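Q: How does the following fold in three dimensions:
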Amino acid sequence: MQPDESLADFAARLRRRRQQLDLTRAELAHLVGCSADTIKKLESGARRPSKQLAQLLVQHLRLEDEEIAGFLLDARRRAVPIPGNLPASLTSFVGRDDEIAHIAQLLHRQGARLVTLVGAPGVGKSRLAVQSARALAAGFPDGVWYLDGSRHRPPERLIPLLARLFGMPDGASPREWLIATLRPRRLLLVLDGFESFLPDADALTDLLTACDQISALVTSGVPLRVYGEQRMTVPPLALPPAWETPEELAGCPVVQLFVARVSAHHPEFRLTAGNAATVAALCARLDGIPLALELAAGRADAATPHLLLAEIDRQGSLDLCPDQYDEAAHHATLRVAIGRALAPLGAPTREFFAALGLFRAPFDARSAQAVAAPNADPAQVHRCLDELVARHLIQRLPEEEGPRYRLLDTLREAAVALLGDASPLRRRHAAYFARQAQDMDPARTLGNLSAWRAHLRQTHADWLTALRFSQAGDEQDHDPMLWLATTLGHFWYVEGDWEAGAQRLADVLLHPDGAPALRSRVYSELGILYSALGRYAEAEESLTIAHEEGRRAGDAYAQMWALAHWVHLLHLQGRHDEVRLLNQERARLTRHLPDDRYRALLLDQMGTEAVEQGDYEVGVPWLQDALTLWEAQDAPGSVGSVHCVLGMAALAQGDASQALADFQAAHAEFSRITHAHGL
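A: From the prediction side, this is the model:
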């Protein structure tokens, strides 16, 4: 027999609706003609309202027509014993009103008799199933009966276990006895953790076919894929918008869950203006996964959410997957939940999933193969990805250029925990992104970096992780580290991440080894970052070293890259004579390069400097030549920049019509690539 929980449901519904209407307890009490203390007792579940008060609450809470009957039923009904064995709830249930309503619609209004809740490990499928069954119990006069598949292991089978649950005598045939017993009954089976019984899915449909008054609510990491099954994916709790006030956040289920669980460990904890934004950020970093939120709330320092968020920022995750856990606990740890989801898979797929945990940003199938399964057939990689998507262990993000995939942060932590010696995989991850850095080298794609920049924005977390991997351990391969550093350094410059970027590159250059041409490139990026920070002496020292390293390596690209940044630095300081000397060397070097990018850059910079000094007769022709070269290279950012300078030159000479034409042309080019700074 199960205790009726309608009073708790009513209390939660009343509190939630009052908060949605932005009413205080005193304000609601005034509207319905009672004391604020009465409202407090109603919201805490300490008492029920009278029939008259319940009607007044319906009126002033402005409930929708379809909500009124359920509200009044919860408000007034008394506890009625419910046959069955649903596990008692040890903690309050938060949110999921829409999901419970949808399950009720499937089972009652649409007549589905087999509903399967699927979703990621830890998302709350079990708790939702139990809570939904409790809410639906009145519609099943012969009760709600619960079987936890996670507590059973093969070769135990579903039908004999159900038969024993309903009291089968010794010697009876489980299937025949169970059908005879259940055929006249109207009841709901809650089959939790059905992964253990997947081979018996057909036996379940056979039972439902033979007993037409029983229904089944199933939780599983994967669909049963049997006739008559209605699937429902359980999403994480919705994340709150960052701009909500503390009062609004307090009404958000994901925040309510975290606050309630922290308060259970630290009764003094409150959501305040000082910690609300941090709590919201924590809920987002934990993906709104209820189990992750509960485990995080149980941490000893959870009374100070700032410490938890700082640990995530420092380490990239929280340790939510300890090796020790209580098998008898209602909630297993994430590692155990994920282990159960992975158990039916073969060892190669499990190892593949663990390796995917190294990715911090969305990835495509080619990246997954390069890092997680370099020797596998591409078709096999796609099959593994599809299987992991089906089990909600990874998410598919459809894009125009083909699907990309991601792991929820909480699942990524557990995936990495499954790795043994991760060093080979980390080296492979770093090498893969180093090869990308080499293929996308900005020094060789000068002037056309819009696609490069968009790609780095999307995958920056993985590039940064690859840089860390390449710096770690005794077996460092310095050239991949330097390739990663030079690409990231230029990205940090164009994105404005100057201070942190300069520190990271300085750390890389503490290692004395690596190809001189690559060290030249890193010194160049460090120099331009120092220049952006106004640290001109350090910038010039870095660019001088960059130029010398490039010359020593005989690498024209490295030299030109260093000289271009050096000229920019000297130009900022008004050292025009030195600029002219360096430009002479640049003009000589351009003859050794296979395209006109650096000649365009040289003319661009020389023309800009001349225009800024008022020498339009010299500067404008140089800029026009640069414009022609940039257009031939299909470099919209550089074309737009030259049009801007030409427009300023025309305006300074009194030709407003030509200035307007140049500015409009610049705007069109910048709009092509959403160049915020240029626009």
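
Q: Give me the nearest residue to Gln653, chain neighbours excluded.
A: Tyr616 (6.0 Å; CB to CB, 6 or more residues apart in numbering). C-beta: built from backbone N, CA, C; applies to glycine.

Q: My guess is the one you found contacts Leu651. True?
A: No: the pair Tyr616 and Leu651 fails to qualify as a contact (CB atoms under 8 Å) at a distance of 11.0 Å.

Q: Give me the spatial nearest neighbour of the most centrally placed residue in the chain, chain neighbours excluded.
A: For the chain, the residue nearest the mean C-alpha position is Leu408 (5.4 Å; CA atoms, centre = their mean). Leaving aside its sequence neighbours, Leu408 sits nearest to Asp287 (CB to CB, 6+ apart; 4.3 Å).

Q: What helix or strand is that neighbour located in?
A: Using DSSP states H and E, Asp287 sits within no helix or strand.

Q: and it, what is it in contact with?
A: Contacts for Asp287 (CB atoms under 8 Å, 6 or more residues apart in numbering) come out as 236, 408-410.

Q: now Leu533
A: 498-499, 502.

Q: related to what we said a few turns ago, neighbour-wise, which of the contacts of Asp287 leads?
A: Thr410 (29 neighbours; other CB atoms under 10 Å).

Q: Is that one in contact with Ala284, as I believe?
A: No: counting by CB under 8 Å, Thr410 stays clear of Ala284, with 11.5 Å between them.

Q: For the stretch 451-600 of the chain, which segments count as helices?
A: Taking DSSP state H, counting those that start in this stretch as the criterion, the stretch 451-600 of the chain contains helices spanning 478-495, 498-508, 516-532, 536-553, 556-572, 576-590, 597-612.

Q: ranges for the strands of this protein?
A: Counting by DSSP state E, the chain has strands at residues 114-118, 144-148, 188-192, 215-219, 229-233, 395-397, 404-406.

Q: Nearest to Arg360, out of those?
A: Among the strands of the chain, strand 404-406 comes nearest to Arg360, with 9.4 Å by CB to CB.

Q: If you count contacts, what does that closest one end up packed against?
A: If contacts are counted by 3 or more CB pairs under 8 Å, 6 or more residues apart in numbering; DSSP states H and E, strand 404-406 sits against strand 395-397.

Q: what packs against the strand it packs on?
A: Strand 395-397 packs on helix 378-390, strand 404-406, going by 3+ CB pairs under 8 Å, 6+ apart.

Q: any chance of the ones you listed in JSON lines, plus distance to Ala310?
A: As requested, those are exported to JSON lines (distance: least, CB to CB, whole Å):
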{"stretch": "helix 378-390", "distance to Ala310": "31"}
{"stretch": "strand 404-406", "distance to Ala310": "24"}
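
Q: what would the ones you listed look like in a markdown table with mean pLDDT and mean neighbour count?
A: A markdown table is the format used below for the helices and strands packed on strand 395-397 (pLDDT from 0 to 100; neighbours: other CB atoms under 10 Å):
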| stretch | mean pLDDT | mean neighbour count |
| --- | --- | --- |
| helix 378-390 | 90 | 17 |
| strand 404-406 | 90 | 18 |
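
Q: right, and those - which one's nearest Asp212?
A: helix 378-390 (30.3 Å).

Q: Check the offset of stretch 192-210 from the chain's centre.
A: 34 Å (CA atoms, centre = their mean, to the nearest Å).

Q: CA-only coordinates of it in CSV, if you can.
A: Extracted in CSV, the C-alpha atoms of stretch 192-210 (Å, rounded to 0.1, in the frame of the first residue of the first chain):
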residue,chain,number,x,y,z
ASP,A,192,12.5,0.6,-14.2
GLY,A,193,15.9,0.0,-15.8
PHE,A,194,14.6,-2.2,-18.5
GLU,A,195,18.1,-2.5,-20.0
SER,A,196,18.5,-5.7,-17.9
PHE,A,197,15.4,-7.2,-19.6
LEU,A,198,15.8,-6.1,-23.3
PRO,A,199,15.8,-9.7,-24.5
ASP,A,200,12.4,-10.0,-22.9
ALA,A,201,10.8,-7.1,-24.7
ASP,A,202,8.7,-9.4,-26.8
ALA,A,203,7.6,-11.3,-23.6
LEU,A,204,6.3,-7.9,-22.2
THR,A,205,4.2,-7.2,-25.4
ASP,A,206,2.9,-10.8,-25.2
LEU,A,207,1.8,-10.2,-21.6
LEU,A,208,0.1,-6.8,-22.5
THR,A,209,-1.7,-8.5,-25.5
ALA,A,210,-3.0,-11.3,-23.2
